[in-house]
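# Okay, structure incoming, though there's no sequence with it:
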């Protein structure tokens, strides 16, 4: 908590004060993988407020620079942790704030019907277009998960080397040790979070397919079903990672959800 004059400002108070600006910035323009284009809010304000908020919640937060593989891991995580359909505007903004660590990951929606509502709310030429979109989303997730796993394995190996060096080296000053272990916790939390949201997407796709078949049966459902089955097959290996266990291997300590630092 910080004191200015006669007023106290807690990190969550600062976060609430800048939320409208961050939301406006996040809604403006997007770059690769739907991430915000470089701007002062995404590059400076959001990481700063996110760090305050994460520390206020008692989560690990490292000031170390991200490695190239850690940067790419966060870029690939972006698509998976956001809602699958761009029409889910509010849920997408909440997920962006969770990715920036301004909000906890528990703030995200777990409504598996949300994707179906967004998919059927727009105007499509025919029911085939909806099935095609469902197939494309499932296939896109499957391809990205394969890349994410390869990237995650490189990060895990680097983190193992990081921790081994901490154990054996006498040259690393004490002030470097906590940020190092906190970065490993952040990386592991990101991997757990991505797998959690990937499973949620899979459930959402299955819900949508079943309800599309009830509302507007189509031969295109066969292709969508195959895409969803392929995603499910990829999800198992992608999330069977040899985690170090900083977060216990199954979630964050003290009942909190996984954590992630915005890259």
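Thanks, I have it. Computed from a prediction, not measured in an experiment: that's the story for all the values here. Numbers count the residues shown, from 1 in each chain.
# Please count neighbours and contacts with C-alpha atoms only from this point.
Fine.
# Can you pull up the most central residue in this protein?
Centroid-nearest residue in the chain: residue 81, 3.4 Å away (criterion: C-alpha atoms, centre = their mean).
# distance of that one from residue 161?
For residue 81, the distance to residue 161 equals 28 Å [C-alpha to C-alpha, to the nearest Å].
# Repeat that for residue 108.
Look at residue 108 and residue 161: by C-alpha to C-alpha, they are 33 Å apart.
# can you check residue 141 too?
In this structure, residue 141 lies at 30 Å from residue 161, with C-alpha to C-alpha as the measure.
# Those two - which one has more neighbours?
Each of residue 141 and residue 161 has its neighbours counted (other C-alpha atoms under 10 Å); residue 141 has more, 23 against 12.
# Check which helix or strand the more buried one maps to.
Assigning secondary structure by DSSP states H and E places residue 141 in helix 127-168.
# do residue 171 as well
Secondary-structure element containing residue 171, defined by DSSP H and E: none, the residue being outside all helices and strands.
# I'd like the next helix or strand past the one helix or strand residue 91 maps to.
Assigned by DSSP H and E, residue 91 belongs to helix 89-99. Sequence-wise, the next helix or strand beyond helix 89-99 is helix 114-121, with elements assigned using DSSP H and E.
# who touches that next one?
Defining contact as C-alpha atoms under 8 Å, 6 or more residues apart in numbering, one finds that helix 114-121 is touched by 83-88, 130, 204-205, 207-208, 211.
# Return the closest of those residues with respect to residue 245.
Ranking these by separation from residue 245, with C-alpha to C-alpha as the measure, puts residue 83 on top at 27.6 Å.
# Per-residue confidence, the spatially closest residue to the closest one that is not a sequence neighbour, what does it come out as?
Spatially, and ignoring its direct neighbours in sequence, residue 83 is nearest to residue 92 (5.7 Å; C-alpha to C-alpha, 6 or more residues apart in numbering). Here, the pLDDT recorded for residue 92 equals 85.
# burial measure for residue 92, as a count.
Counted by other C-alpha under 10 Å, the residues lying close to residue 92 total 21.
# same check, this time on residue 245
Number of residues near residue 245 (other C-alpha under 10 Å) recorded here: 13.
# Now it: closest residue in space, sequence neighbours ignored.
Beyond its immediate neighbours in the sequence, the residue positioned closest to residue 245 (C-alpha to C-alpha, 6+ apart) is residue 188, lying 7.9 Å away.
# Tell me how far the residue nearest to the centre of the chain lies from residue 149.
Counting by C-alpha to C-alpha, the gap between residue 81 and residue 149 amounts to 15 Å.
# same question, residue 100
Here the distance between residue 100 and residue 149 works out to 22 Å (C-alpha to C-alpha).
# okay, those two: which has more neighbours?
In this comparison of residue 100 against residue 149, neighbours counted by other C-alpha under 10 Å, the higher total goes to residue 100 at 25 against 21.
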